[in-house]
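> Mind looking at a prediction? Sequence and model below.
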Amino acid sequence: EAGVTQFPSHSVIEKGQTVTLRCDPISGHDNLYWYRRVMGKEIKFLLHFVKESKQDESGMPNNRFLAERTGGTYSTLKVQPAELEDSGVYFCASSLGQTYYNEQFFGPGTRLTVL
Amino acid sequence: SQKIEQNSEALNIQEGKTATLTCNYTNYSPAYLQWYRQDPGRGPVFLLLIRENEKEKRKERLKVTFDTTLKQSLFHITASQPADSATYLCALSSNDYKLSFGAGTTVTVRA
């Protein structure tokens, strides 16, 4: 069974440009999460989808970030325009259910560098 | 504000010894606590979960304790092996899905 996949693995862009990150969850997982780790800090929650609906986007830093989940399958996270402080590793995770005993499976992350 | 602290950034240990990692938290009332392992270039991998009403959990060579009075969890790797070298993260949650992570402790096991 394929795990959570993320694309691209690395992205280097200039300040002011737009970047779109993609996450493909494990097939059948209704719950999808985005987290990020900026340099020297801990991994922080960004948002949570249940199928195609945003359940909780309390961790989104500002309105330059837009997450979507088309048809409840893959998800994209767009940053527009990117700023220097957006550099970090963006992780996607998925789970079958959203209760505590449903393990979250993480993807390998996308390393974003904004110059 | 809520704070999660893992005792040290790095821990070097001889093969066969027990590694003990600490996770302390403040201004938080977690319902449960999880430990993850992260290898370079990979995402975190779930290891163990312990609930607030549980004192101890074991899985193979891993043991986790949870003391809500001290606001602390201890994570032990017994009979450590070089393959155990990785970064270990603790994560707390007061609800079902939103995880709050510590910064992690990098363990290096010397052969």
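Cool, the structure landed.
> Residue numbers of chain B in contact with chain A?
Within chain B, the positions adjacent to chain A are B:4, B:31-32, B:41-46, B:49, B:51, B:89, B:93, B:96-104 by C-beta under 8 Å from any C-beta of the partner chain. (Each C-beta comes from the backbone N, C-alpha and C, glycine too.)
> Buried among those? Make that a PyMOL selection.
If you want just the buried ones from those in PyMOL, going by 16 or more other C-beta atoms under 10 Å in any protein chain shown, the selection is:
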select buried, chain B and resi 4+32+43+44+46+49+89+93+96+97+98+99+100+101+102+103+104
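> how about the spatially closest residue to B:G16 that is not a sequence neighbour, phi and psi?
Leaving aside its sequence neighbours, B:G16 sits nearest to B:A79 (C-beta to C-beta, 6 or more residues apart in numbering or on different chains; 6.0 Å). Dihedral pair for B:A79: phi 50, psi 50, per degrees, to the nearest 10.
> OK, contacts around B:A79?
B:16, B:18, B:61 (C-beta atoms under 8 Å, 6 or more residues apart in numbering or on different chains).
> okay, the last one: pLDDT?
Note on B:R61: pLDDT of 97.
> can you tell me which residues contact the closest residue to it other than its chain neighbours?
In space, and not counting its chain neighbours, B:R61 is closest to B:T78: 4.8 Å by C-beta to C-beta, 6+ apart. Going by C-beta under 8 Å, 6+ apart, B:T78 touches B:18, B:61-63.
> what two of those are the furthest from one another?
B:T18 and B:L62 (10.8 Å; C-beta to C-beta).
> Just the buried ones from the contacts of B:T78?
When those are checked for burial by 16+ other C-beta under 10 Å, the buried set is B:62-63.
> can I get the contacts of B:T78 in TSV with secondary structure?
Formatted as TSV, those follow (DSSP: H, G, I helix; E, B strand; the rest coil):
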residue	secondary structure
B:T18	coil
B:R61	coil
B:L62	strand
B:K63	strand
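> So what touches stretch B:45-63?
Contacts for stretch B:45-63 (C-beta under 8 Å, 6+ apart): A:100-101, A:103-106, B:30-39, B:64-68, B:73, B:75-80, B:88.
> which of those are buried?
A:104-106, B:30, B:32-38, B:64-66, B:73, B:75-77, B:80, B:88.
> Which of the contacts of B:A79 sits closest to chain A?
B:R61 (19.7 Å; C-beta to the nearest C-beta).
> Please enumerate the strands of chain A.
Counting by DSSP state E, residue ranges of the strands within chain A are A:5-7, A:10-13, A:19-24, A:31-37, A:44-50, A:53-56, A:65-68, A:75-79, A:88-95, A:105-106, A:110-114.
> want to try CSV for those strands, with distance to B:T22 and mean pLDDT as columns?
As requested, the strands of chain A are arranged in CSV below (distance: least, C-beta to C-beta, whole Å; pLDDT from 0 to 100):
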stretch, distance to B:T22, mean pLDDT
strand A:5-7, 31, 97
strand A:10-13, 33, 98
strand A:19-24, 32, 98
strand A:31-37, 21, 96
strand A:44-50, 21, 95
strand A:53-56, 29, 93
strand A:65-68, 33, 97
strand A:75-79, 33, 98
strand A:88-95, 24, 96
strand A:105-106, 23, 95
strand A:110-114, 29, 97
